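In: What shape does this take:
(one chain, ligands or ions: 1)
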Amino acid sequence: MAKVLEPNATIIGKIDLSEELSIFKVALDEELPEGDWFVPGQYMVIGVNNLVEPDLAGVQRPMSIASEPAERGHVEFYIRRVARPESKNPLTHSLFRLSEGDRVFLRPKPKGHFTIPGTVGLEDDRCRIYVSAGTGLAPFVSIVRDDLRHGRSVTKTCIIHGVSRSGDLGYREELEQLSQEHGLVYIPTVSRPTECPDWSGRTGRAEDCFKPDGLELLESSLSLSAGTFGPDQAVVLVCGLQGTIGQSILRLAGRGFVPAEKKIRKALDIPETRPASLFFEQYDSDPVIDLEDQQVVARLRADLGLE
Ligand SMILES: Cc1cc2nc3c(=O)[nH]c(=O)nc-3n(C[C@H](O)[C@H](O)[C@H](O)COP(=O)(O)OP(=O)(O)OC[C@H]3O[C@@H](n4cnc5c(N)ncnc54)[C@H](O)[C@@H]3O)c2cc1C
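Out: Sure, this is the predicted structure:
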């Protein structure tokens, strides 16, 4: 049985992008550890009690940290209220009833390996393509904020952010500014342009950037010669839901990008000598690729030159 959580943190700010999408700023009661107290890309577990149906007690879920370690006043999260939850006591439904000043629970220790040191390594100097759908942007915001803080160039960093409507483009102003002032390649893309007629930018889903015309745009944005976008030049990190991750893997296999996930590597029988160049963090639990489907497996193996 779920237990009632003892709050240890306060919501000190909430920026609403829509009724279902907000940036939460949460301050822990206890003092943060000295120095860099987490690695950008990590997540924390946030918990809330169900105040409408108290019998359901508390619920906890992981949330990527969008703030940088140097931000000591609060921890920032970019959260969607899930329209069709799977559980009886969805965290996001309770959380979106709260506002500034309300109390929540935050497991103090950040976790996760979807970080630069945990994937490609800080020394890797290839282009970094960060692909996000919706709130999957959060870890990348933390990573680029931290890069800037440490004086690391972001000119070889590309953030692709796919959302339904332009109003859902969280952190847009900040990323546009990073693009203008620091050379970040920022590619926002909107999949339901008819619902936001003022939008004149790119349309389609984040993973559509890996269709042929999207790859052309990527290559020109990153000053790469046509046809050279591949693991010699770039690494790809994808964050979000199954569809974005699965399609990115499928579309980039033809360019030689090798997924890092052990289960996929095993099913495709990828030799250990072939280094990973596509990493992901998944927010839902559906398999990103149907590894039981022999046609899919065979196509991926062929695209990766393993046949
Ligand atoms: C490592 C990690 C980091 C995460 N970071 C974030 C984050 O920064 N922001 C965030 O909003 N969510 C994040 N999530 C998802 C989050 O943990 C919850 O799964 C989500 O908030 C739904 O919880 P719930 O209890 O409201 O719904 P549940 O009843 O648990 O319903 C789960 C279903 O909601 C859907 N779902 C989950 N996450 C999302 C989402 N972000 N957008 C749309 N649909 C979704 C999926 O279909 C999933 O199967 C993260 C998940 C993981 C594993």
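
In: touching the ligand at all, stretch 5-19?
Out: No - using Cβ under 6 Å from any ligand atom, stretch 5-19 stays clear of the ligand, coming no nearer than 11.8 Å. Any C-beta I mention is one placed from the backbone N, CA and C, and that applies to glycine too.

In: roughly how far out does that stretch sit from the chain middle?
Out: Offset of stretch 5-19 from its chain centre (Cα atoms, centre = their mean, to the nearest Å): 20 Å.

In: who touches that stretch?
Out: 22-30, 47-49, 57-58, 60, 73-74, 81, 98-106, 108, 165, 167-168, 170 (Cβ atoms under 8 Å, 6 or more residues apart in numbering).

In: List only buried entries from the residues you listed.
Out: Among the contacts of stretch 5-19, the ones that count as buried by 16 or more other Cβ atoms under 10 Å are 22-26, 28, 47-49, 58, 74, 81, 102-106, 165, 167-168, 170.

In: Tell me how far C209 lies from L95.
Out: 31 Å (Cβ to Cβ, to the nearest Å).

In: Next: V104.
Out: Distance from V104 to L95, by Cβ to Cβ: 7 Å.

In: got any residues that touch both of the two?
Out: 46, 48.

In: For the residue nearest to Q247 when sequence neighbours are not counted, give me its contacts.
Out: Using Cβ to Cβ, 6 or more residues apart in numbering and skipping the chain neighbours, the partner closest in space to Q247 is E207 (3.9 Å). Remark: with contacts taken as Cβ under 8 Å, 6+ apart, E207 is in contact with 131, 133, 162, 243-244, 247-248, 251.

In: What is the nearest of these to the ligand?
Out: For these, the residue nearest the ligand by Cβ to the nearest ligand atom is A133; the value is 8.1 Å.

In: Can you give me the distance of R172 to V154?
Out: 16 Å.

In: let me fix that: S64
Out: Applying Cβ to Cβ, the value for S64 to V154 is 19 Å.

In: which of the two has more neighbours?
Out: Neighbour count, other Cβ atoms under 10 Å: between S64 and V154, S64 has more, with 28 against 19.

In: mean confidence for stretch 121-139?
Out: Mean pLDDT, computed over stretch 121-139, is 97.

In: repeat for stretch 9-16
Out: pLDDT averaged over stretch 9-16 gives 98.

In: Close to the ligand: what parts of this structure are there?
Out: Counting by Cβ under 6 Å from any ligand atom, the residues of the chain near the ligand are 43, 59, 61-64, 77-80, 82, 85-87, 90-92, 112, 134-135, 138, 281, 283-285.

In: Of those residues, which count as buried by neighbour count?
Out: Buried among the residues of the chain next to the ligand by 16+ other Cβ under 10 Å: 43, 59, 61-64, 77-80, 82, 90-92, 112, 134-135, 138, 281, 283.

In: Now, these that are in strands?
Out: 43, 59, 61-64, 77-80, 281 (DSSP state E).

In: So the residue lying farthest from the centre of the chain: helix, strand or coil?
Out: Relative to the centre of the chain, and counting by Cα atoms, centre = their mean, the farthest-placed residue is D55 at 33.0 Å. Using DSSP: H, G, I helix; E, B strand; the rest coil, the structure places D55 in helix.

In: Which strands and helices lie in contact with the helix or strand bottoming out on mean pLDDT in the chain?
Out: Lowest mean confidence among the helices and strands of the chain (mean pLDDT, DSSP states H and E): helix 212-221, at a mean of 94. Counting contacts by 3 or more Cβ pairs under 8 Å, 6 or more residues apart in numbering; DSSP states H and E, helix 212-221 is packed against strand 185-190.

In: Could you chop this protein up by domain?
Out: Here the domain parsing of the chain from automatic domain parsing is 9-106, 127-303.

In: I23: which element?
Out: If you go by DSSP states H and E, I23 is part of strand 21-28.

In: can you list contacts of that strand?
Out: Strand 21-28 is contacted by residues 8-17, 46, 66-67, 73-81, 95-96, 104, 106, 108, 134-135, 168, 170 when judged by Cβ under 8 Å, 6+ apart.

In: In helices, which of those fall?
Out: Members of the contacts of strand 21-28 lying in helices (criterion: DSSP state H): L95.

In: Before I go, just wanted to say thanks for your time.
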